[in-house]
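Undergrad: Below: sequence and its predicted model.
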Amino acid sequence: MGPKHILTATLLVLAGCAGLPAEQPRPRVALDTTAGRIVLALDAEAAPISTCNFISYVVFGDYDNGSFFRTVVRETNTANPNPIDVIQAATPRGSDDDARPPIPLERTRDTGLRHRAGTVSMARDGPNSATSSFFIVTQDTPSLDFGGARNPDGQGFAAFGRVVEGLDVARRIQRMPANAQEQLTPPVVIRSARLLDAAPSVCTP
């Protein structure tokens, strides 16, 4: 059984046997962190690739015992001419987790999503390099959209959902102590990440 079929089987078991409600237009994921609870609503219609990729890491427990490890605060981010307000998370294997292949970039030009306060988006280097690391935007940050200059290639980042509970928690994490390399000291542990609703049908072909 290949990885795609394993993921499909796992999602179907979760949807059918774990008592999850019927498929929701924007399935939710709850992050239980040492700083509090954050709930994300994912947009599988606008950004199916990023959403299904994120859900796959969630259902396999890859974010459990991971962390929010990085904070970027606009007023202190003076080294970059395009400052941002975000907190970034990773699995226990780190932000360059290559447990699964990288995914294509879903540009905001195509999805219609924007990096506004509460948006959840995929971290990346090159245009098609995102794997598991994601970030939450705490203030409107258009430089992360397609055509924005935060990434020199101008392609922006793949927004795929938003915080529907716990934006105050994300903002509190953003203000926690960090070193000169923007690393939280200590990181905020993600105790667990759990899918609250049935996986979208687009993720279970």
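TA: Now that the structure is in, tell me what you want to look at.

Undergrad: What does the pLDDT read for Ile55?
TA: What the model reports for Ile55 is a pLDDT of 97.

Undergrad: meant to ask about Leu14
TA: On the pLDDT scale, Leu14 is placed at 46.

Undergrad: and the helix or strand hosting Pro186, average pLDDT?
TA: Remark: Pro186 resides in strand 183-195, with elements defined by DSSP states H and E. Across strand 183-195, pLDDT averages out at 98.

Undergrad: Same question for stretch 33-50.
TA: Averaged over stretch 33-50, pLDDT sits at 98.

Undergrad: Check stretch 157-176 too.
TA: On average, stretch 157-176 scores 98.

Undergrad: Kindly report the same for stretch 65-73.
TA: Mean predicted confidence for stretch 65-73 is 97.

Undergrad: Kindly report the same for stretch 85-92.
TA: For stretch 85-92, the mean confidence score works out to 97.

Undergrad: which residues touch that stretch?
TA: Applying CB atoms under 8 Å, 6 or more residues apart in numbering, the contact partners of stretch 85-92 are 57, 62-74, 95, 97, 99, 123, 132-139, 141, 144, 170, 173-174, 190. No exception for glycine: its C-beta is placed from N, CA and C like everyone else's.

Undergrad: where do the helices sit along this structure?
TA: Ranges of helices within the chain are 3-17, 48-59, 108-111, 167-174, based on DSSP state H.

Undergrad: Of all residues in this structure, which one is nearest the centre?
TA: Closest to where the C-alpha atoms of the chain average out (CA atoms, centre = their mean) is Phe134, at 3.5 Å.

Undergrad: ok, it touching Ala123?
TA: Yes - with contact defined as CB atoms under 8 Å, Phe134 reaches Ala123; the gap is 6.1 Å.

Undergrad: Can you say which of the contacts of stretch 85-92 are buried?
TA: Among the contacts of stretch 85-92, those buried by neighbour count (16 or more other CB atoms under 10 Å) are 57, 62-64, 66-74, 95, 97, 123, 132-139, 141, 144, 170, 173-174, 190.

Undergrad: Tell me the pLDDT of the residue nearest to Val163 when sequence neighbours are not counted.
TA: Distance criterion CB to CB, 6 or more residues apart in numbering; nearest residue to Val163, sequence neighbours excluded, is Gly118 at 4.1 Å. With respect to pLDDT, Gly118 has a value of 98.

Undergrad: For Gly118, which residues are in contact?
TA: Residues in contact with Gly118 (CB under 8 Å, 6+ apart) are 136-138, 162-164, 167, 170.

Undergrad: Pull stretch 108-123 out as CSV, backbone CA atoms only.
TA: Extracted C-alpha coordinates of stretch 108-123, given in CSV (Å, rounded to 0.1, in the frame of the first residue of the first chain):
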residue,chain,number,x,y,z
THR,A,108,-2.6,34.0,-3.4
ARG,A,109,-3.0,35.4,-7.0
ASP,A,110,-4.8,32.1,-7.8
THR,A,111,-6.5,31.3,-4.5
GLY,A,112,-7.9,34.7,-3.7
LEU,A,113,-6.7,34.4,-0.1
ARG,A,114,-4.7,37.1,1.6
HIS,A,115,-2.3,37.3,4.5
ARG,A,116,-4.5,39.2,7.0
ALA,A,117,-4.5,38.9,10.7
GLY,A,118,-5.1,35.3,11.7
THR,A,119,-4.1,33.8,8.3
VAL,A,120,-2.3,30.4,8.5
SER,A,121,0.2,29.9,5.6
MET,A,122,3.0,27.6,4.6
ALA,A,123,6.6,28.5,5.2
